[in-house]
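Q: pasting the sequence and the predicted model now:
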Amino acid sequence: MPRWAWNEREEEVISTRVFVGNVSYETTQRELEELFAQAGSVVEVFMPADRDTGRPRGFAFVEFSDQEGVAEAIEKFNDFEIGGRNLRVNVAEERRPRPAPAANRGWTDAPPRNEWGSKPKGSRRNIRGRKRSL
């Protein structure tokens, strides 16, 4: 099932995912899955973890099979207390595309690359000095 569905009446794309914020670090993925299953058919629960510590980051994304589950989850669980914290539940927005790196945008002030495609070594002052001497 796609994460996005087309709604002809409103002429816009509606997400089947919700963002769940203010999640306690002790709350597990399974607890969230069981909680949100009360609102509709849960497809996936994603809880990002911190790269360094491996500990949950305090938010999650819950994907439903349809928009009705999303609407009910927002109505039912926004400001719902779990693990001593009130959850913030709203429609998840799709991530905007990131801009291309400077080298791909055609900028002339991008640092020159060596034969291996990596940036030159050295401090900025050293690189600026080399540019001036050319």
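A: Yep, that arrived.
Q: Gly21 contacts Arg57, doesn't it?
A: No - in this structure, Gly21 sits apart from Arg57 without contact. The criterion is Cβ atoms under 8 Å, and the distance is 10.2 Å. Any C-beta I mention is one placed from the backbone N, CA and C, and that applies to glycine too.
Q: who does the host helix or strand of Ala60 pair up with?
A: Taking DSSP states H and E as the definition, Ala60 sits inside strand 59-64. The sheet places strand 59-64 alongside strand 17-21 (antiparallel), strand 42-46 (antiparallel), with pairing taken from DSSP bridges.
Q: CA atoms of the first one as CSV?
A: What it means is strand 17-21. Provided in CSV are the C-alpha atoms of strand 17-21 (Å, rounded to 0.1, in the frame of the first residue of the first chain):
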residue,chain,number,x,y,z
ARG,A,17,1.5,8.3,8.3
VAL,A,18,1.4,10.2,11.5
PHE,A,19,4.2,11.8,13.4
VAL,A,20,4.2,11.0,17.1
GLY,A,21,6.3,13.4,19.2
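Q: after that strand comes which helix or strand?
A: From strand 17-21 onward toward the C-terminus, using DSSP H and E, the following helix or strand is helix 29-36.
Q: quick one, that next one and strand 59-64 angle?
A: Calculated by axes from the mean of the first three to the mean of the last three Cα atoms, to 10 degrees, helix 29-36 forms an angle of 50 degrees with strand 59-64.
Q: so what touches helix 29-36?
A: Here helix 29-36 makes contact (Cβ atoms under 8 Å, 6 or more residues apart in numbering) with 18, 20, 23, 42, 45, 47, 60, 62, 64, 69, 73, 77, 80, 82-83.
Q: what does the strand holding Ala60 contact?
A: Strand 59-64 is touched from outside by 3, 16-23, 29, 32-33, 36, 39-48, 70, 73, 92, with contacts defined as Cβ under 8 Å, 6+ apart.
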